[in-house]
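Colleague: Just to be clear, the model below is a prediction. Sequence and coordinates:
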Amino acid sequence: MAKIIHYRDKCIGCNICFEMQPEYWRISRKDGKATLVNGKLKKDTTILSIPDDDIEKSKDTATHCPVKIIKVFE
Ligand code: SF4
């Protein structure tokens with residue numbers, strides 16, 4: 001199964017990931033950074049397994065992140 005990995009510390013809270021995939025992303029009211037919904041914390045990353053059907057859209061979202069902190073692995 002594919003995974004999205006988010007390096008949250010470097011998030012600048014631009015909102016693009018939420019606009020592109022609201023099913024996966026929220027912007028935290030606490031610190032204004034993006035949060036991967038239902039993701040699992042592992043050290044300084046958040047990881048979420050996604051269905052193969054969402055790989056292309058998730059890669060597109062990752063491409064649009066201005067600080068390149070979203071990675072998609074197949
Ligand atoms: S697109 Fe990148 S920088 Fe912008 S809110 Fe999402 S994770 Fe943060």
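Modeller: Received, thanks.

Colleague: correct me, but C17 touches T61?
Modeller: Yes. When contacts are counted by C-beta atoms under 8 Å, C17 is listed as touching T61 (5.4 Å). C-betas here are computed from N, CA, C, even on glycine.

Colleague: quick one: which of these two has more around it?
Modeller: More neighbours surround C17 than the other of C17 and T61, with 25 against 21 (other C-beta atoms under 10 Å).

Colleague: buried stuff in the strand or helix carrying the more buried one?
Modeller: Using DSSP states H and E, C17 maps to helix 16-20. Neighbour counts over helix 16-20 (16 or more other C-beta atoms under 10 Å) mark I16, C17, F18, M20 as buried.

Colleague: What distance do you get for the last one to D60?
Modeller: As judged by C-beta to C-beta, to the nearest Å, M20 and D60 stand 7 Å apart.

Colleague: just the helices in this protein please.
Modeller: 16-20, 55-64 (DSSP state H).
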